[in-house]
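>>> A predicted structure for the sequence below; I have some questions about it.
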Amino acid sequence: MSEFFDSILSLSIVIQVLAVVAILVLGFLTFKFFPLKLEIRSITFTALMVMLSVILSIFSLMVPMFGYPSLKIGFSQLPLMMIGLFLGPSWAFLAGLMEDVLELLTMPVGFPFFGFTLNKILVAMLPALWMLIPKTKIKQFKYLPHVLLGGFYLLAMAFTFTIDEVKVGQEIMEISMMTKIGIFILSTILFAFMIVMLNIITNYFKTKNLRFALTDWVIAVLLVEFVVNLILTPLWLQTMYGIPFWFSVAPRLVKGTVMIQLNIVLGYFIVSTIERLIERRRN
C-alpha cells in the first residue's frame, strides 16, 4: 500500500512540473504574439467576469465518486469563456490565472494543483483561439456543431456499452445492462432535445447580425468540454487520487450531454445580450 501511495506522489510531482512548464510556455507565447492592451473597459469586464466565475464556482455542485469530490456541475466556466470570446488570448490567460488564485483563496484546499490552474486558463483561452481561425467560407462551418454534437453522443454511447465493470483500488463495480439502457434512453432524449434547441436558437439569432455566430459559441463550448472536462480533468484526478482515467470519463460523457446544451443555450443568450449592450453604448 505504501508503494502505491509513493508512486502516486512521485507521479503527482512530475505532472505538477509539466503543468507549470505548460503554463509558462503558453503565457510566453500568448503575450509575445498577442500583446496585452490595457483599457478600462477590458479591465472592468475581466474583473466582473472573474468575480462572477468565483461566485458560481462556490455554488457549484460537487458529486462524490467513491468518496472523492470529482464530478463538478456548475456554470463557473461560462464567465471565463466570455472573456476569451470578447477580449482575446492575453486577457483570457490572465483571467484564468486570476480566477484560480481567487478560488484557492476563497475555497482553500490542502495544496494547489497546477493542472487545474492550466484548466482554468484553457477554459478562457480556447474560445479566444477558436475566434482567431479565419472563417472565409462560413458555410463550411454551418453543420460543424451538429457533427461535433453527434460525435460526442456516439462516443458516449459507445463507451457506455463497451464497459461492463470498472476497478477502483481493490473494488470492482459492475455496470448492469439495465443501467446501460437507462443511460442510453436518457442520453438519446437529451441529444434529440439538444439538436432541436440548436436549430431553434440558430433561427432566432439568424437575423440579429451579431458579431459572434452561434456556430462559434457551440464550437467553443465543445472544445472546452472535450479538452478540459474529458481529457485533462480525468488525468489530474488519476494523478491526485488514483481514480482510473476511463472511469472518470464515463460519467462526464453522460453529464456532458446535459451540460453542453445548457452551456450553449444559456451562454449564447448572455453573449448576445452583452453584444447588444456594447452596440447600444457605441451608438
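Done, it's in.
>>> M98 is in what secondary structure piece?
Remark: M98 resides in helix 89-106, with elements defined by DSSP states H and E.
>>> Okay, buried residues for that helix please.
89-100, 102-103 (16 or more other CB atoms under 10 Å). C-beta: built from backbone N, CA, C; applies to glycine.
>>> I'd like to know which elements that helix is packed against.
helix 2-33, helix 40-58, helix 77-87, helix 114-131 (3 or more CB pairs under 8 Å, 6 or more residues apart in numbering; DSSP states H and E).
>>> Would you mind putting the CA coordinates of that helix into PDB?
Coordinates of the C-alpha atoms in helix 89-106 are reproduced here as PDB (Å, rounded to 0.1, in the frame of the first residue of the first chain):
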ATOM      1  CA  PRO A  89      -6.000  35.300 -25.700                       C
ATOM      2  CA  SER A  90      -4.000  37.700 -23.400                       C
ATOM      3  CA  TRP A  91      -6.900  38.700 -21.200                       C
ATOM      4  CA  ALA A  92      -8.100  35.100 -21.300                       C
ATOM      5  CA  PHE A  93      -4.800  33.900 -19.900                       C
ATOM      6  CA  LEU A  94      -4.800  36.500 -17.100                       C
ATOM      7  CA  ALA A  95      -8.400  35.800 -16.300                       C
ATOM      8  CA  GLY A  96      -7.900  32.100 -15.900                       C
ATOM      9  CA  LEU A  97      -4.900  32.600 -13.700                       C
ATOM     10  CA  MET A  98      -6.600  35.200 -11.500                       C
ATOM     11  CA  GLU A  99      -9.700  33.000 -11.200                       C
ATOM     12  CA  ASP A 100      -7.700  30.100 -10.000                       C
ATOM     13  CA  VAL A 101      -5.800  32.200  -7.400                       C
ATOM     14  CA  LEU A 102      -9.100  33.700  -6.100                       C
ATOM     15  CA  GLU A 103     -10.700  30.300  -5.900                       C
ATOM     16  CA  LEU A 104      -7.800  29.000  -3.900                       C
ATOM     17  CA  LEU A 105      -8.100  31.900  -1.500                       C
ATOM     18  CA  THR A 106     -11.900  31.700  -1.100                       C
END
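>>> tilt between that helix and helix 40-58?
40 degrees (axes from the mean of the first three to the mean of the last three CA atoms, to 10 degrees).
>>> Run through who's touching helix 89-106.
Taking contacts as CB atoms under 8 Å, 6 or more residues apart in numbering, the residues outside helix 89-106 that touch it are 23, 26-27, 30-31, 33-37, 42, 46, 49-51, 53-54, 57-58, 80, 83-84, 112, 116-117, 120-125, 127-129, 132.
>>> just the buried members of the residues you listed?
For the contacts of helix 89-106, burial is judged from neighbour counts taken by 16+ other CB under 10 Å, and it is met by 23, 26, 30, 34, 42, 46, 49-50, 53-54, 57, 80, 83-84, 116-117, 120-125, 127-129.
>>> picking that back up, for the helix holding M98, the distance to its chain's centre please.
Its chain's C-alpha centre and that of helix 89-106 lie 15 Å apart, by CA atoms, centre = their mean, to the nearest Å.
>>> Renumber starting at 19 from here on
Sure, I'll start numbering at 19, so the last one becomes helix 107-124.
>>> doesn't L255 make contact with P262?
No: because the distance of 9.2 Å does not satisfy CB atoms under 8 Å, P262 is recorded as not touching L255.
>>> Which one's more surrounded, those two?
Under the neighbour definition other CB atoms under 10 Å, P262 and L255 were set side by side, and L255 has more, 22 against 15.
>>> buried ones in stretch 273-285?
By neighbour count with 16+ other CB under 10 Å, stretch 273-285 contains the buried residues 273-275, 277-279, 281-283, 285.
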